[in-house]
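>>> Quick one, fold the following:
(one chain, ligands or ions: 3)
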Amino acid sequence: MNRWTTAATTVLGLGVLWYAVWTLTGFGSIAVGYLVMPVMMLIAGLSVRSMRRSVGLAPAGRRFWLMIEVTCHLFGMGYAIMVPAAFRTAPELPAVPVVTAVVVGAAVLVAMWGVSQVPLGVTTRAERGKQWLDRVIAFLGCSAVLWHFGVAPAIMAAEPWSTAALVITVMVCVFAAGAVTKVSYIAGGPVDRTAMRLVAATGLSAAALVLLSIYGGPHGAMIGQVLGMPSSGLLITLAAARQRAAVDRRPRPGNVWLPYLAVAAVDLPVADVLIQSRYWAPGVWEGRVIVLAAVTVTGLVALRQYVVWRDNMALLRENRESEQRLRHEATHDPLTGLANRALFRQRLDAALADGPASVLLADLDEFKTVNDSLGHDAGDGLLVAFADVLRDAAGPGAEVARLAGDEFAVLLPGDVPGELVAERMAIATALPVSDQRLLVRFSAGLDTAPGGTPASRVLRRADAALYVAKERGGANLVRYADGMERPASAHARLGGDLRRALADGEFRLVYQPLVALTDGRIVGVEALVRWEHPERGMVSPADFIPAAERTGLIVPLGRWVLRETCRQAAAWIAEFGPDVLEKASPNVSVRQLHDPDFVADVAAALADSGLPADRLALELTESAVLRGHHVSRVLHEVHAMGVRLALDDFGTGESSLSLLRAFPAAIVKLDKSFVDNIEIDEPGTPEADARQAVARAVVQLARALSLDTVAEGIENQEQADRLIQLGYTVGQGYHLGRPMPPEQITALFAARRRVAAAA
Ligand code: C2E
Ligand code: CA
Ligand code: CA
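Ligands and ions are numbered 1, 2, ... in the order given. Just a heads-up that it's a prediction; the model follows:
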């Protein structure tokens, strides 16, 4: 309560007190009651003025309150003029002086003008039209009630009212009706909605006065003077206080039920007319029936409209709810219920705008293995369990999100130490989690940034740190340090470049011959990919295959290699006959084996090219083959199609020998490291024996298991000779043939055909 409302309440209270004393004891003059109104209006006017000066109002709001202030002062003046008249006529009630009627009439006009100028915030033409219709209905309904119960009785009163009093009554009634209908449509804006309602209520308080004067006799008029009219002053001080405290509220839809209420309201006077038979000639009962029917119909129509309105509201509510649901779905991960990447970015932006914040990125180690070996349900269970671990460890105030696959993020606003959270996570994951009782291991990258840092930079740094953590073997936390970012962003650039290169067709295949060591005949080719970079020239696979594997681009790239190899091999067979080569060998990365379409891709490459399945040999490394049940199933399916599998770089892994039992290999490729220096020293010396041990063991094992062998990286004839001695029949290396474009291989095949034809 501010001082204006206190003052208004006090004056009103004093007025009531005086009235009580006066009626009970007859002490003092009736004219004292006429003092309340001018004082109240003065207080109201001043409260509006003070509010106008201290609150930054929009122009429309300023104008409105100025009008209200003027209204208050005019009202005050009009009633002040009545005070001397009252003292003169006391104890009789004074007649309303003409000046008062004029001034008060002007005041009501100003108020009406002020109210009518308040914008409703409605924009479309259709809306405006509808609103006008509603308002006319409401206005007429309201007016009908006021007319029937207020104006008409005043005009027809046994003791006729003075014209001045009648004018005031009519005007106040019109203002009341206009203000009430208007106010119901204020959706918010320059004038506070509640303040506006309070102002409109003054019209009703005036109308109440009129009713009191009519039905309450002299006491009614007095109560009206002391309580009825002055209470409008209190309402205005309250409205001003309300406007002072108003915050920008969201506009709400205006009242929709008012017209229906108006329809129902009209029935009140009609019903009253019906009851008061004095308006009806006795015996004219049909009139009553018609009126009864009209009242019933309008009442029912209003009821029906109300039902429709309620249904609409329910629909709107449903709409709002589904909108909320959609918004939630758009910003959350359905599996774990965590925020998604978009929402996380938003929250991170907001946190960094406020001050420092840390981002902890966590990525499960070996998640793929769980998914592949135990199935997707187990994988999902693990993700959900890990999400719970994160939520608990992050604590309140933190935002936890699932960014992608098995990558999670925690946003820690302020200076919560991220290490602590990681520690809590490590403790929580020390024991098996999820329904499957799985042991989960994760790597984490952490970065803390001062307020104002771009979110993208913090994320990039945490990601770089995570990358380092992964490189270090996983299951650890790395905080970002200068310099970590560079390699990661270089990879990112390379990744983007690769994508473009694949789309632009910048990749080529070269083919390296696999040669029979004894007679030098080409028995097969290995397909090796090259990148013809527009600026960098030929890029070796060692430089981009790792990046392609990390970004997953190896899947489409490998698919292309596979198809192109099949196409080329089939073309050679078509040109030179089925014996031109025994096998064409593309390299296959482990990432490709995890691709759900891999088996179908192989089948399609064969079918589309027409290459017989047994002419295709896929080169896989040991580490690729040792990747769980899923990979093993894929390899058996490919094997069942008749495609051969070659174990590349054989002998370098840890479990080469045991692998041969579990895996349907047809070919082993002895790694170059066992061929290097194999020719040095005479055979039989201990050093040479040691150097040859692996090469010898591999060829013996292969023979025992009926596998073909290929010795890789032969760079001179001595090596070839030594390998022949050991039992190798097929070799590959710069000495036997470098990787070359397909045209050169074609030329070699053509030369061979010429020689054969000549022989
Ligand atoms: P890899 O499968 O072991 O291929 C043999 C590599 O040794 C090739 O290198 C080949 O040019 C090289 N080489 C052959 N003979 C000799 C020799 O006598 N001496 C020496 N020093 N090197 C020899 P390249 O073409 O640079 O390929 C490197 C690796 O890149 C390949 O090793 C393979 O793992 C990978 N790669 C190549 N093409 C593809 C592909 O299309 N897909 C996949 N996933 N990986 C590929
Ligand atoms: Ca290879
Ligand atoms: Ca190799």
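
>>> How about the residues of the stretch 401-550 of the chain by ligand 1?
Residues of the stretch 401-550 of the chain lying near ligand 1 by CB under 6 Å from any ligand atom: 512, 528-529, 540-542, 545. Heads up, the C-betas are built off the backbone N, CA and C, glycines and all.

>>> quick one, domains of the chain?
3-250, 256-328, 341-483, 503-758 (automatic domain parsing).

>>> Figure out which of those is closest to ligand 3.
domain 503-758 (4.4 Å; CB to the ion).

>>> Tell me which residues touch the residue in the stretch 251-400 of the chain positioned nearest to ligand 1, please.
Shortest the stretch 251-400 of the chain-to-ligand 1 distance, computed as CB to the nearest ligand atom: residue-wise this is Lys368, at 17.3 Å. Neighbour list for Lys368: His594 [criterion: CB atoms under 8 Å, 6 or more residues apart in numbering].

>>> Up against ligand 1, what does this structure have?
512, 528-529, 540-542, 545, 558, 561, 586-587, 589, 619, 648-649, 713-715, 732-734, 739.

>>> buried subset of these?
Listed as buried from the residues of the chain next to ligand 1 are 512, 528-529, 545, 558, 561, 586-587, 589, 619, 648-649, 713-714, 732-733, 739; burial here means 16 or more other CB atoms under 10 Å.

>>> quick revisit: select from the residues of the chain next to ligand 1 every entry located in helices.
Judged by DSSP state H, these include 541-542, 545, 558, 561 as members of helices.

>>> would TSV of those residues with pLDDT and distance to Trp65 be doable?
As requested, these are exported to TSV (pLDDT from 0 to 100; distance: CB to CB, whole Å):
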residue	pLDDT	distance to Trp65
Pro541	91	78
Ala542	86	79
Ile545	90	75
Gly558	96	75
Val561	97	78
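
>>> if you skip the residues just before and after it, what's nearest to Pro432?
Of all residues not flanking Pro432 in the chain, Leu439 sits nearest, at 5.2 Å (CB to CB, 6 or more residues apart in numbering).

>>> What are the buried residues along the lengthiest strand in the chain?
Determined from DSSP state E, the single longest strand within the chain is strand 522-533. Within strand 522-533, the residues that qualify as buried are 522-531, counting by 16+ other CB under 10 Å.

>>> what's the answer for stretch 391-403, then?
393-394, 398-403.

>>> Those also near ligand 2: which ones?
The overlap between the buried residues of stretch 391-403 and the neighbours of ligand 2 (CB under 5 Å from the ion) is empty.

>>> So which of these sit within strands?
399-403.

>>> Going by distance to ligand 2, which of these wins?
Leu403 (34.8 Å).

>>> who's in contact with the closest one?
So Leu403 contacts 340-341, 344, 361, 409 (CB under 8 Å, 6+ apart).

>>> Looking at those residues, which are in strands?
Using DSSP E, the contacts of Leu403 in strands are 361, 409.

>>> would you turn the contacts of Leu403 into a markdown table with pLDDT?
Listed next are the contacts of Leu403 as a markdown table, based on pLDDT from 0 to 100:
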| residue | pLDDT |
| --- | --- |
| Asn340 | 91 |
| Arg341 | 89 |
| Phe344 | 94 |
| Leu361 | 94 |
| Ala409 | 95 |
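
>>> Now, of the contacts of Leu403, which are buried?
By 16+ other CB under 10 Å, the contacts of Leu403 give 340-341, 344, 361, 409 as buried.

>>> And the furthest pair within these?
Asn340 and Leu361 (14.6 Å; CB to CB).

>>> related to what we said a few turns ago, for the domains of the chain, which has the smallest mean pLDDT value?
Among those, domain 256-328 has the lowest mean pLDDT, at a mean of 77.

>>> Show the contacting residues for the residue most central in space within the chain.
Nearest to the mean C-alpha position of the chain, by CA atoms, centre = their mean, lies Thr331 at 3.5 Å. Going by CB under 8 Å, 6+ apart, Thr331 touches 339-340, 342-343.

>>> Figure out the helix or strand that Ala164 lives in.
helix 163-183 (DSSP states H and E).

>>> buried ones in the helix or strand harbouring Ala200?
Ala200 belongs to helix 193-215 when elements are defined using DSSP H and E. Residues of helix 193-215 classed as buried: 193-214 (neighbour count, 16+ other CB under 10 Å).

>>> by contact count, what packs against that helix?
Counting contacts by 3 or more CB pairs under 8 Å, 6 or more residues apart in numbering; DSSP states H and E, helix 193-215 packs against helix 152-155, helix 163-183, helix 217-223, helix 229-245.

>>> do that again at 10 Å, thanks
helix 33-54, helix 59-89, helix 98-117, helix 125-146, helix 152-155, helix 163-183, helix 217-223, helix 229-245 (3 or more CB pairs under 10 Å, 6 or more residues apart in numbering; DSSP states H and E).

>>> what angle do the lengthiest helix in the chain and strand 399-404 make?
Longest helix of the chain, by residue count under DSSP H: helix 285-331. Per axes from the mean of the first three to the mean of the last three CA atoms, to 10 degrees, the angle that helix 285-331 makes with strand 399-404 is 70 degrees.

>>> what is the orientation angle of helix 285-331 with helix 125-146?
140 degrees.

>>> quick one: which of the ones in strands among the buried residues of stretch 391-403 is nearest Arg633?
Using CB to CB, those come closest to Arg633 at Arg402, 28.3 Å.

>>> surely that closest one meets Phe408?
Yes - judged on CB atoms under 10 Å, Arg402 makes contact with Phe408 at a distance of 5.5 Å.

>>> Overlap of the contact sets of these two?
Common contact partners of Arg402 and Phe408 (CB atoms under 10 Å, 6 or more residues apart in numbering): 333, 336, 338, 344, 383, 386-387, 390.

>>> Can you name the residues of the protein that neighbour ligand 2?
Counting by CB under 5 Å from the ion, the residues of the chain near ligand 2 are 587, 619, 648.

>>> Apply 8 Å and report the result again.
526, 528, 585, 587, 619, 646, 648-649, 669, 712 (CB under 8 Å from the ion).

>>> Quick one: list the elements packing against the helix or strand hosting Asp388.
Using DSSP H and E, Asp388 sits in helix 376-394. Here helix 376-394 touches strand 357-364, helix 367-374, strand 399-404, strand 407-413, helix 418-428, strand 442-449, going by 3+ CB pairs under 10 Å, 6+ apart.

>>> I'd like these written out as JSON lines, with distance to Pro230 added.
Rendered in JSON lines, the data for the helices and strands packed on helix 376-394 read as follows (distance: least, CB to CB, whole Å):
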{"stretch": "strand 357-364", "distance to Pro230": "58"}
{"stretch": "helix 367-374", "distance to Pro230": "77"}
{"stretch": "strand 399-404", "distance to Pro230": "56"}
{"stretch": "strand 407-413", "distance to Pro230": "54"}
{"stretch": "helix 418-428", "distance to Pro230": "65"}
{"stretch": "strand 442-449", "distance to Pro230": "63"}
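
>>> I'd like to know which of these lies nearest to Met313.
Nearest of those (CB to CB): strand 399-404, 34.7 Å.

>>> and that closest one with helix 376-394, angle?
Going by the same axes, to 10 degrees, strand 399-404 makes 150 degrees with helix 376-394.

>>> so the helix holding Ala200 versus helix 125-146, what angle?
Going by the same axes, to 10 degrees, helix 193-215 is angled at 30 degrees with respect to helix 125-146.
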